[in-house]
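J.: what follows is a predicted protein model with its sequence.
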Amino acid sequence: MHERIVLQPAKIRGAMLLVNDDEAAQEFGWSDLAARLDPENSSASKLNLRAARPGDFVGTRKKGTRTVNFRIDTRAPGTCNIEWLLRKIPDFGESLCEVFRVEQVAWGAQMTESAASG
């Protein structure tokens, strides 16, 4: 089985991350995902992406002059309240470059079911 991840584009509205149903889900192999969401090519960022599970939100944001990735661990179907994150990082919304909800992920021999199924 090849390594892949399926990501559904999402958006921020107020204190919520919401799936953007108007856009099609995108499938990435590991190298394409790393190129897209690990702009600094760091070990910590790669580990962050490897930890992604269905239902999580992943993306990139500006942090000073750098672009960094993030992962928000959640199991809420389709939405994620990030009020706690906005208190911790008030400029999170303004610094957001792109965000996706993880729909499916397959790393090596391990396959995780889709977010919609559980």
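T.: Received, thanks.
J.: going forward, measure contacts and count neighbours with C-alpha atoms only.
T.: OK.
J.: tell me what the longest strand seen in the chain is packed against?
T.: Determined from DSSP state E, the single longest strand within the chain is strand 96-107. Here strand 96-107 is seen to pack against strand 4-13, strand 57-63, strand 110-112 when contacts are counted using 3 or more Cα pairs under 8 Å, 6 or more residues apart in numbering; DSSP states H and E.
J.: can I get these in TSV including mean pLDDT, distance to E27 and mean neighbour count?
T.: Listed next are the helices and strands packed on strand 96-107 as TSV, based on pLDDT from 0 to 100; distance: least, Cα to Cα, whole Å; neighbours: other Cα atoms under 10 Å:
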stretch	mean pLDDT	distance to E27	mean neighbour count
strand 4-13	95	4	20
strand 57-63	95	14	20
strand 110-112	45	14	12
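J.: could you save the ones you listed as TSV and add columns showing distance to C97?
T.: Shown next, in TSV, are those (distance: least, Cα to Cα, whole Å):
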stretch	distance to C97
strand 4-13	10
strand 57-63	5
strand 110-112	27
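J.: looking at those, which is closest to F92?
T.: strand 57-63 (7.6 Å; Cα to Cα).
J.: following element in sequence after the closest one, please.
T.: Next helix or strand after strand 57-63 toward the C-terminus (DSSP states H and E): strand 66-72.
J.: what's the average pLDDT for that following strand?
T.: Averaged over strand 66-72, pLDDT sits at 93.
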